[in-house]
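**Student:** I'd like to go over a predicted model; first the sequence, then the structure.
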Amino acid sequence: MSRLIVISNRVSTPKPRSSGGAQGGLAVALAAALRESRGLWFGWSGETAEEFTGQINMQRVDGVTTATVDLEEQDVDEYYNGYANRTLWPLFHYRIDLAEYDRSFGSGYERVNQRFAETVAPLIEPDDLVWVHDYHLVPLGQQLRRRGLKNRIGFFLHIPWPPQRLMVSLPFHERLVRSMLDYDLIGLQTEEWLESFHHYVTRELGGTVEPDGTIEIDGRRVKTGAFPIGIDPEEFRAALATDEARQAYDTLKRSAEHRKMIIGVDRLDYSKGLAERFHGYRRFLEEHPDWSGRVSFLQIAPPSRGEVHTYAHIREDLDQLSGRINGAFAHVDWVPIRYVNQGYPRAGLAGFYRASDIGLVTPLRDGMNLVAKEYVAAQDPDDPGVLILSRFAGAAHQLGEALLVNPYSKDELSDAIHAALSMERTERIRRWEKLIEAVNRDDVGSWLRGFVEVLRGERTHAPAEPAI
Ligand code: GDG
């Protein structure tokens, strides 16, 4: 079996199983595949050095080898905080108003991709299968080819692909997309993002797309497909059985004092639609005063990307918004929103999901969204909660039995919260059974196998997206 080489911006260093360390399904699934193929995971260490030396820090934990490098501060500013998170992230989430274009970002991005390529290339053997992840590393395949690599190289994008008319607002967009044509396989999360990608390639680059998703352009053939990522539902159910999860469950239930609980869990990011969600909840409180004091909304939002100023701004906005809602609606013994800027251990989250009657997952745009799937996996089959899900999350393609909403509409959010709070148990069970079937079917293992099988050439194209 050929080794798998995973390359991503950051490496999720496996926690020794003996330490009981909890990790997300993606990290666990990739670690399992790496262990099985005796492969390695390469990425940035998260540290900076005065000068880039390309010195690799190799570690082996629980049979998984990781290789990391330090970057220069300028690299981090231009590549990570710059082009990746201030240019591509907003643009790919349809926020051209927030996208910043700066020549230095583009050159820093290319420089770091070159540095990644020159550092990792000597570690790659001729039979290895190389799998590059996400928007930080779009041109890495091309850089590896320039160093003579003939291996099969695949690329998976975890975030949406924007419509062609937005994509063209990126200076040098053609150069970026052309750099992807050196991959053997390009994977997106959903058919919708895949369609946008195909549209760009045909309209802007003059390529053609065959019925099986193969792109043909300038005599080159690149396979493409939709590979919806999932969670490991078993791992999540196991987390629920831990003391930590039980304690979290008890704490939330006790503090709710028989009120209905609504939960949101998101990185603090404008793509997650938090402000719009707060406005929708406010509309619900205005329209349904009979629910005053009988429902409570817990929003967990650990800060992310603090170096990027837009993120500091949304943090201020949300502080104000939650304060205003609580000021307007709270009683002496009840606050409508509990807004928490801190992360919790995974098992704790599982307990919180289980204790909540509604999972409110309303991103304005999201490649997939794993929180929606985690909420479903954590429910009690005999008395499940209701998932309210944005139709603009990739996950809506599989979770059609959720209450699907337009996250920009306060009225739709308000109506969905009301419908969820009033939903009969039989209806909740009927919907949940469909949801859990989808979560179990499209799990992280099937995502990983599906991609690797096509990359290896064992399967010709991605499995068809099931109709919802
Ligand atoms: C990108 C794409 C795509 C959140 N708060 C805590 C915590 N989390 C965990 C969640 C979940 C993960 O973070 C977030 O995953 P998402 O999928 O919701 O979102 P992104 O971070 O934006 O991820 C996305 C994903 O890649 C995978 O392809 O689905 O569309 O944007 O697992 O549980 N985990 C812990 N404490 C927290 O407080 N432990």
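**Tutor:** Perfect, thanks for sending it. Numbers count the residues shown, from 1 in each chain.

**Student:** what is the mean pLDDT for stretch 67-84?
**Tutor:** Throughout stretch 67-84, pLDDT has a mean value of 97.

**Student:** Return the alpha-carbon coordinates of it using CSV.
**Tutor:** Taking Å, rounded to 0.1, in the frame of the first residue of the first chain, the C-alpha atoms of stretch 67-84 are listed here in CSV:
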residue,chain,number,x,y,z
ALA,A,67,6.6,17.0,10.2
THR,A,68,6.4,20.7,10.9
VAL,A,69,8.4,23.8,10.0
ASP,A,70,8.5,27.3,11.5
LEU,A,71,7.7,30.3,9.3
GLU,A,72,9.0,33.9,9.4
GLU,A,73,6.8,36.5,10.9
GLN,A,74,6.4,38.2,7.5
ASP,A,75,5.3,34.8,6.1
VAL,A,76,2.6,34.6,8.7
ASP,A,77,1.4,38.2,8.1
GLU,A,78,1.3,37.9,4.3
TYR,A,79,0.4,34.3,3.8
TYR,A,80,-1.8,33.3,6.7
ASN,A,81,-3.3,36.5,8.1
GLY,A,82,-3.0,38.1,4.7
TYR,A,83,-3.8,36.2,1.5
ALA,A,84,-5.5,33.2,3.2
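
**Student:** now what about the biggest helix by length in the chain, what contacts it?
**Tutor:** The residue-count maximum for a helix in the chain (DSSP state H) belongs to helix 309-329. For helix 309-329, contacts defined as Cβ atoms under 8 Å, 6 or more residues apart in numbering pick out 86, 90, 98, 268-270, 274-275, 278-279, 281-282, 285, 292, 299, 301, 303-306, 335-337, 339, 341. All C-beta spots, glycine's among them, are computed from the backbone N, C-alpha and C.

**Student:** Show me those that map onto helices.
**Tutor:** Of these, the ones assigned to helices by DSSP H are 90, 274-275, 278-279, 281-282, 285.

**Student:** tell me which parts of the stretch 51-200 of the chain are close to the ligand?
**Tutor:** Proximity of the stretch 51-200 of the chain to the ligand (Cβ under 6 Å from any ligand atom) is limited to residues 158-159.

**Student:** Just the closest residue of the stretch 51-200 of the chain to the ligand, please.
**Tutor:** residue 158 (3.6 Å; Cβ to the nearest ligand atom).

**Student:** element containing that residue, please.
**Tutor:** Using DSSP states H and E, residue 158 sits in no helix or strand.

**Student:** Skip the chain neighbours and tell me the closest residue to residue 45.
**Tutor:** Leaving aside its chain neighbours, residue 45 sits nearest to residue 68 (3.8 Å; criterion: Cβ to Cβ, 6 or more residues apart in numbering).

**Student:** Compute the distance between that neighbour and residue 272, please.
**Tutor:** Going from residue 68 to residue 272 by Cβ to Cβ, to the nearest Å gives 28 Å.

**Student:** what sits against residue 388?
**Tutor:** By Cβ under 8 Å, 6+ apart, the neighbours of residue 388 are 358-362, 402-403, 405, 413, 416-417, 420.

**Student:** Sorry, wrong one. I was asking about residue 297.
**Tutor:** Counting by Cβ under 8 Å, 6+ apart, residue 297 has contacts 261-264, 281, 336-338, 360.

**Student:** and it, bridged to which residues?
**Tutor:** Beta-bridge pairing of residue 297 under DSSP bridges involves residue 262, residue 337.
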